[in-house]
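Participant: using only what follows, build the 3D model:
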Amino acid sequence: MGELEGTYRILQSPGSRLGAQKNTGVSTLEPEQKSSAMTTSKQKNKGLQLKVLMLDDTEELFDVESKSYGEALLIQVLKHSNLIESDYFGLEFLSNQSNWIWLEPTKLLMKQIQSILDTELMMSFKKEQEEHIQTSILHTMYKETLLIRCRIIVFRYLFALQIKRDLTECRLTCSENTATLIVSHLLQSEIGDFDETLDQEQLKMHKYLPNQEAVQEKILQFHKKHFGQTPAESDFQVLEIARKLDMYGIRFHPAFDREGTKINLAVANMGVLVFQGTTKINTFSWAKIRKLSFKRKRFLIKLYPEPQGTYQDTLEFLMSSRDQCKILWKSCVEYHTFFRTYDQPKPKAKPVLFSRGSSFRYSGRTQKQLSEYIRSTDVRKSSYQRYEL
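Facilitator: Residues are numbered from 1 along each chain as shown. Below you'll find the predicted structure:
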């Protein structure tokens, strides 16, 4: 079979799960991949100005040193947005192979982005699963004070912006009726109570849906029903609708199973999901998964043995390219570490001469650490002034 390019072993010993007394960490074994980034001597000797598309669709320029790591840019973007919930957000960009890739904080910018001066990065939620946007979760993250309530409103606002983007880019799978209802709440949030002239002008200037003209009348009818609703209340309604959708926060990774059947793989907080079309046919929870790995175009899931023997010990999926395999594998590493462990895994020492497999590991805080940090932090008022409390 040859050497695996990426291996991630899911530890089940005490401390690897939330609530355990001690954390043994998470093991990752990989060789440093050959960088495809192209640099010039001119770029090495000066700073870089990078363009980032924010969640509100504004473009911002950020200055970083040419030898900066991804973390330097990410910190500037999060500071600009006045966010402390940093581990829910990330920057993604389109590679030369037309793959959407998340910027790695612990890796040099020049080694990640090939045409670094011509590439626009996009700020996005990295972990936008259903339970993150429920009111109960947000309220457990924060103590109830007026200042913290302001942060909750800002957090919801950013989620609503992400949902708006997902609708526009056809990333949110839902019925036409649901899509028009979401847009009507977005209109209420952006321009206030229904006014036919203002509504038509707003819909003319802004594209919310690919088939917007065909459903415009339905959007206006829904908007009439939201009279008196504040922007914060409208954002809350958008989140309430989105969290009930089966496909919210799901990003498909097309693949084939061993029988050659076309399927879609996805990563969620509970484990790895398998879809046929948009119908979920299987869920492999983290508790059942022993190890995740990839070799060239093959993505491998090694399961713990079951008494009934329903599944094979190792599941194999064929993807379109090695890059697609690695993108999915990295996503699994991040999700498992963030949701299922208490502490960050300790970095492994770099080998002096040779190494095998990817050196990638999750570098942010876990969900448990983030919640504890927010509870203990003196949160400053957000720069967003859109809402009145």
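Participant: specify the local secondary structure of residue 82.
Facilitator: coil (DSSP: H, G, I helix; E, B strand; the rest coil).
Participant: that one: neighbour count?
Facilitator: Residues lying near residue 82 (other C-beta atoms under 10 Å) number 14. C-beta here means a position set from N, CA and C on the backbone, and glycine is covered the same way.
Participant: for residue 279, same thing?
Facilitator: Counted with other C-beta under 10 Å, the neighbours of residue 279 add up to 9.
Participant: repeat for residue 257
Facilitator: Residue 257 has 15 nearby residues by other C-beta under 10 Å.
Participant: please tell me how far it sits from residue 298.
Facilitator: Residue 257 sits 11 Å away from residue 298, going by C-beta to C-beta, to the nearest Å.
Participant: what's the answer for residue 213, then?
Facilitator: 45 Å.
Participant: and the two? Which one has more around it.
Facilitator: Counted by other C-beta under 10 Å, residue 213 and residue 298 do not tie: residue 298 has more neighbours, with 17 against 11.
Participant: list residues touching both of residue 257 and residue 298?
Facilitator: 316, 317, 318 (C-beta atoms under 8 Å, 6 or more residues apart in numbering).
Participant: can I get the helix or strand in which the first one is found in PDB, CA atoms only?
Facilitator: Applying DSSP states H and E as the criterion places residue 316 in strand 314-318. These are the backbone C-alpha positions of strand 314-318, laid out as PDB (Å, rounded to 0.1, in the frame of the first residue of the first chain):
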ATOM      1  CA  THR A 314     -11.700   0.100   7.600                       C
ATOM      2  CA  LEU A 315     -13.800   2.200   5.300                       C
ATOM      3  CA  GLU A 316     -12.300   3.500   2.100                       C
ATOM      4  CA  PHE A 317     -13.500   6.400   0.000                       C
ATOM      5  CA  LEU A 318     -12.100   7.600  -3.300                       C
END
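Participant: follow-up on the earlier one: could I get the shared contacts of residue 257 and residue 298 in JSON lines, plus columns for pLDDT and distance to residue 277?
Facilitator: Shown next, in JSON lines, are the shared contacts of residue 257 and residue 298 (pLDDT from 0 to 100; distance: C-beta to C-beta, whole Å):
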{"residue": "316", "pLDDT": "92", "distance to residue 277": "21"}
{"residue": "317", "pLDDT": "95", "distance to residue 277": "16"}
{"residue": "318", "pLDDT": "95", "distance to residue 277": "18"}
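Participant: just the buried subset of these, written out for ChimeraX, thanks.
Facilitator: Applying 16 or more other C-beta atoms under 10 Å to the shared contacts of residue 257 and residue 298, the buried members can be selected in ChimeraX as follows:
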select :317
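Participant: residue 230: which of the shared contacts of residue 257 and residue 298 is nearest?
Facilitator: Closest approach to residue 230 among the shared contacts of residue 257 and residue 298 (C-beta to C-beta): residue 317, at 46.3 Å.
Participant: now do the contacts for that closest one.
Facilitator: So residue 317 contacts 255, 256, 257, 263, 265, 298, 299, 300, 301 (C-beta under 8 Å, 6+ apart).
Participant: quick one: the strands in the protein?
Facilitator: 6-9, 27-29, 48-53, 59-64, 89-94, 100-102, 120-125, 253-256, 262-268, 271-276, 279-285, 289-295, 298-303, 314-318 (DSSP state E).
Participant: those strands: which one's closest to residue 235?
Facilitator: Using C-beta to C-beta, the nearest of the strands of the chain to residue 235 is strand 120-125, at 14.1 Å.
Participant: other SSEs contacting the closest one?
Facilitator: Secondary-structure packing of strand 120-125 (3 or more C-beta pairs under 8 Å, 6 or more residues apart in numbering; DSSP states H and E): strand 48-53, strand 89-94, helix 146-168.
Participant: kindly export that strand (C-alpha atoms) in CSV.
Facilitator: Provided in CSV are the C-alpha atoms of strand 120-125 (Å, rounded to 0.1, in the frame of the first residue of the first chain):
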residue,chain,number,x,y,z
GLU,A,120,-8.5,37.8,-1.9
LEU,A,121,-9.2,36.0,1.4
MET,A,122,-12.7,35.6,2.8
MET,A,123,-13.6,35.8,6.5
SER,A,124,-16.0,33.0,7.4
PHE,A,125,-17.4,30.9,10.2
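Participant: direction included, what does that strand pair up with?
Facilitator: strand 48-53 (parallel), strand 89-94 (antiparallel) (DSSP bridges).
Participant: will you turn those into JSON lines that also has mean neighbour count?
Facilitator: As requested, those are exported to JSON lines (neighbours: other C-beta atoms under 10 Å):
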{"stretch": "strand 48-53", "mean neighbour count": "17"}
{"stretch": "strand 89-94", "mean neighbour count": "20"}
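Participant: what's the closest of those to residue 232?
Facilitator: That would be, of the strands paired with strand 120-125 and by C-beta to C-beta, strand 89-94, which comes in at 20.3 Å.
Participant: contacts for the closest one next, please.
Facilitator: 52, 70, 73-74, 77-78, 81, 83, 100-103, 113, 119-126.
Participant: and the strands paired with strand 120-125: which comes nearest residue 327?
Facilitator: strand 89-94 (10.5 Å).
Participant: report the mean per-residue pLDDT for the closest one.
Facilitator: When pLDDT is averaged over strand 89-94, the result is 89.
Participant: quick one, it and helix 146-168 angle?
Facilitator: Strand 89-94 runs at 20 degrees relative to helix 146-168, counting by axes from the mean of the first three to the mean of the last three C-alpha atoms, to 10 degrees.
Participant: hang on, the earlier thing: of the strands paired with strand 120-125, which is nearest residue 286?
Facilitator: It's strand 89-94; of the strands paired with strand 120-125, that one is closest to residue 286 (C-beta to C-beta) at 20.8 Å.
Participant: export only the CA atoms of the closest one, formatted as PDB.
Facilitator: The C-alpha atoms that make up strand 89-94 are tabulated as PDB, following Å, rounded to 0.1, in the frame of the first residue of the first chain:
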ATOM      1  CA  PHE A  89     -13.900  32.100  12.600                       C
ATOM      2  CA  GLY A  90     -11.300  31.700   9.900                       C
ATOM      3  CA  LEU A  91      -9.900  33.000   6.600                       C
ATOM      4  CA  GLU A  92     -10.400  30.900   3.400                       C
ATOM      5  CA  PHE A  93      -9.100  31.400  -0.100                       C
ATOM      6  CA  LEU A  94      -9.300  29.800  -3.500                       C
END
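Participant: kind regards, and thank you for your time.
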